[in-house]
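Q: Need a 3D model of the following:
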Amino acid sequence: MSEIALITGSSGTLGGNVARRLAESGCRLVLTGRDEQKLAENPLPDGLKVVADLARAQEVENLFQAIEAHYGEPASLLAHCAGSVMIRPLHRTSPEQYRTCLQNNLDSAFYTLQGFVQRLINTKASGCAVLISSIAARIGISNHAAVAAAKAGVEGLVRSVAATYAGRGIRVNAIAPGLMRTSATEGFFAGEKAEQQLAAQYPLGRYGRAEDAAGMICWLLSREAEWITGQIIAVDGGFSSIRPLVKR
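A: Take a look at the predicted model:
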């Protein structure tokens with residue numbers, strides 16, 4: 001029987017791309033998101049669709065109960081693509097904005113990973129999870145205070161959980177992408193020169209695409225990566241680690 005893959009944020013550009021790839025590989029899917037209409041309009045007809053706010057522990061519990069009721073077993077693969085982007089300087093970030101950013105990015109990751117791991121423990125099964133960090137958690141980027149704090153928390157979560165459950169055959173990794181052009185970031189590309197300026201920030205000469213991150217996520221979930229855990233892998237066109245030769 002094929003593996004069950006839970007994809008959160010599946011109505012977004014990245015989550016939808018991951019879901020399509022996993023469906024093509026033969027996985028049985030569980031798609032979840034907060035927007036009922038967007039989830040219903042997802043072009044992938046097969047699989048279980050569950051509306052849930054993953055920043056709420058009880059809704060996460062309801063999600064995992066729904067998976068077991070539908071499939072008779074827990075998911076063994078998790079791609080946690082749910083989250084949000086907030087670009088705002090520290091002194092202009094309200095307590096409400098800060099809390100929302102942490103809920104969308106860190107709380108949702110914690111609760112979802114907790115529920116995923118607990119079900120694997122209950123059934124004495126192995127599994128693999130991939131979470132999403134950001135290059136903003138690795139190097140200082142202006143006006144990213146709240147999301148940098150949230151994603152740094154995600155990285156710490158990944159390493160600790162990977163260490164705790166490695167002996168049970170549970171792998172946990174994350175990717176740290178640079179700017180990807182998705183439905184959530186389309187506003188950054190407004191303006192005549194915005195696209196060119198954003199691309200110029202990256203050593204490889206372009207900004208990211210959802211396909212770049214989705215490919216790495218699905219590889220980390222595959223058996224080809226079965227000896228990899230506790231890693232945060234940059235998918236950022238070299239932004240966080242190299243500086244290209246400047247031509248004069």
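
Q: longest single helix anywhere in the protein?
A: helix 145-165 (DSSP state H).

Q: got a list of contacts for it?
A: With contacts defined as C-beta atoms under 8 Å, 6 or more residues apart in numbering, helix 145-165 is touched by 84-90, 93, 97-98, 101-102, 104-106, 109-110, 113, 117, 120-121, 131-134, 136-137, 140-141, 170-174, 176, 229-230, 232. For the C-beta atoms, the positions are set from N, CA and C on the backbone; glycine is no exception.

Q: Sort out for me which of the residues you listed are in strands.
A: Among the contacts of helix 145-165, the members found in strands (DSSP state E) are Leu131, Ile132, Ile170, Arg171, Val172, Asn173, Ala174, Ala176, Ile232.

Q: Let's see if you can find the most crowded of the residues you listed.
A: Leu131 (30 neighbours; other C-beta atoms under 10 Å).

Q: Who are the contact partners of Ala174?
A: Counting by C-beta under 8 Å, 6+ apart, Ala174 has contacts Val130, Leu131, Ile132, Ser133, Val154, Glu155, Val158, Gln231, Ile232, Ile233.

Q: Okay, and the beta partners of the third one?
A: Beta-bridge pairing for Ile132 (DSSP bridges): Ile175.

Q: got a list of what it touches?
A: The contact partners of Ile132, by C-beta under 8 Å, 6+ apart, come to Leu14, His80, Cys81, Gly83, Lys151, Val154, Ala174, Ile175, Pro177, Ala213.

Q: Please report the distance of Asn173 from Arg206.
A: Asn173 sits 25 Å away from Arg206, going by C-beta to C-beta, to the nearest Å.

Q: What of Thr185?
A: 14 Å.

Q: Please apply the same query to Thr100.
A: Taken as C-beta to C-beta, the span from Thr100 to Arg206 is 31 Å.

Q: likewise Gly16?
A: Distance, Gly16 to Arg206, by C-beta to C-beta: 21 Å.

Q: Can you pick out the residue with more neighbours from the two?
A: Taking other C-beta under 10 Å, Gly16 and Arg206 do not tie; Gly16 has more neighbours (24 against 15).

Q: Give me the local confidence score for the nearest residue to that one once chain neighbours are set aside.
A: Nearest residue to Gly16 in three dimensions, chain neighbours excluded: Ser10, at 6.1 Å (C-beta to C-beta, 6 or more residues apart in numbering). Looking at Ser10, its pLDDT is 92.

Q: Please settle this for me: is Ser10 part of a helix?
A: No: counting by DSSP: H, G, I helix; E, B strand; the rest coil, Ser10 is not part of a helix but coil.

Q: Now the phi/psi pair for it, please.
A: Backbone torsions of Ser10, given as degrees, to the nearest 10, read phi -70, psi -10.

Q: rewinding a little: buried subset of the contacts of helix 145-165, written for ChimeraX?
A: To isolate the buried ones among the contacts of helix 145-165 in ChimeraX, judged by 16 or more other C-beta atoms under 10 Å, type:
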select :84,85,86,88,98,101,102,104,105,106,109,110,113,117,120,131,132,133,134,136,137,141,170,171,172,173,174,176,229,232
